[in-house]
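> Below are the sequence and a predicted model for it; my questions follow.
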Amino acid sequence: MQTFKRSIVLQMAIFMFFFFFGLDDVLRALIRRSTIYTIFEGVGFVLVIAAGVIWYLKTSKETIVIVTDKELTILKYVLYVIAFSLILGVLTSGFENGQLYFRILSGAITSIASLFGFYTGYLISKN
């Protein structure tokens, strides 16, 4: 299957968003929120968004890459894992016992799956 490289770059930027979303979930469970933490979080988020927008705009609109069925299947399963971990986080948020552990688990699964999706997108864009 053929697709524009720009759509793969956008997909990689979305995977980075999910990575930081999961990382933030883990850090919120482990570190008490403070003003300095919120400032670092905001600055980091703005830098990631700016880098993603610049990368997206610098990518040629006409470049086409070939995506194999294997890569599409991998990306599909990565998205299923991310969806499962987000649903797990929502469903276990009401638990009194173990809520902290499920929150850390959900954030870690989201971050790891997002990194794998980003890596797969990187391999696709290199072809």
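All right, it came through fine. Numbering: from 1, shown residues only.
> CA atoms for contacts and neighbours, from now on please.
Will do.
> how about the most centrally placed residue in the chain, what does it touch?
In the chain, the centroid-proximal residue (Cα atoms, centre = their mean) is Phe18; its distance is 2.5 Å. The contact partners of Phe18, taken as Cα atoms under 8 Å, 6 or more residues apart in numbering, are 110-111, 114.
> Let's see that with 10 Å instead.
Residues near Phe18 by Cα atoms under 10 Å, 6 or more residues apart in numbering: 12, 24, 82, 86, 107, 110-115.
> Please apply the same query to Tyr122.
By Cα under 10 Å, 6+ apart, the contact set of Tyr122 is 8-9, 11-12, 116.
> Quick check: it vs Ala50, distance?
For Tyr122, the distance to Ala50 equals 19 Å [Cα to Cα, to the nearest Å].
> and if you look at Ser106?
27 Å.
> the more surrounded of those two?
Neighbours per residue (other Cα atoms under 10 Å) separate Ser106 from Ala50, with Ser106 holding more: 24 against 12.
> Return the closest of the contacts of Phe18 with respect to Leu72.
Met12 (13.7 Å; Cα to Cα).
> what about the closest one, which SS state?
helix (DSSP: H, G, I helix; E, B strand; the rest coil).
> List the residues that contact the closest residue to it other than its chain neighbours.
Among residues not flanking Met12 along the chain, Phe118 sits closest, at 5.1 Å (Cα to Cα, 6 or more residues apart in numbering). Applying Cα under 10 Å, 6+ apart, we find Phe118 in contact with 8-9, 11-16, 19, 75, 78, 112, 124.
> Helix or strand for Phe118, just tell me which one.
Using DSSP states H and E, Phe118 sits in helix 99-126.
> Please apply the same query to Thr3.
With elements taken from DSSP H and E, the one containing Thr3 is strand 2-4.
> ok, then the element right after the helix or strand of the chain with the lowest mean pLDDT?
Lowest on mean pLDDT, DSSP states H and E among the helices and strands of the chain sits helix 35-58, with a mean of 85. Following helix 35-58 in sequence order, the next helix or strand is strand 64-66 (DSSP H and E).
> count of residues packed around Arg103?
Here the count is done by other Cα under 10 Å, and Arg103 has 25 residues near it.
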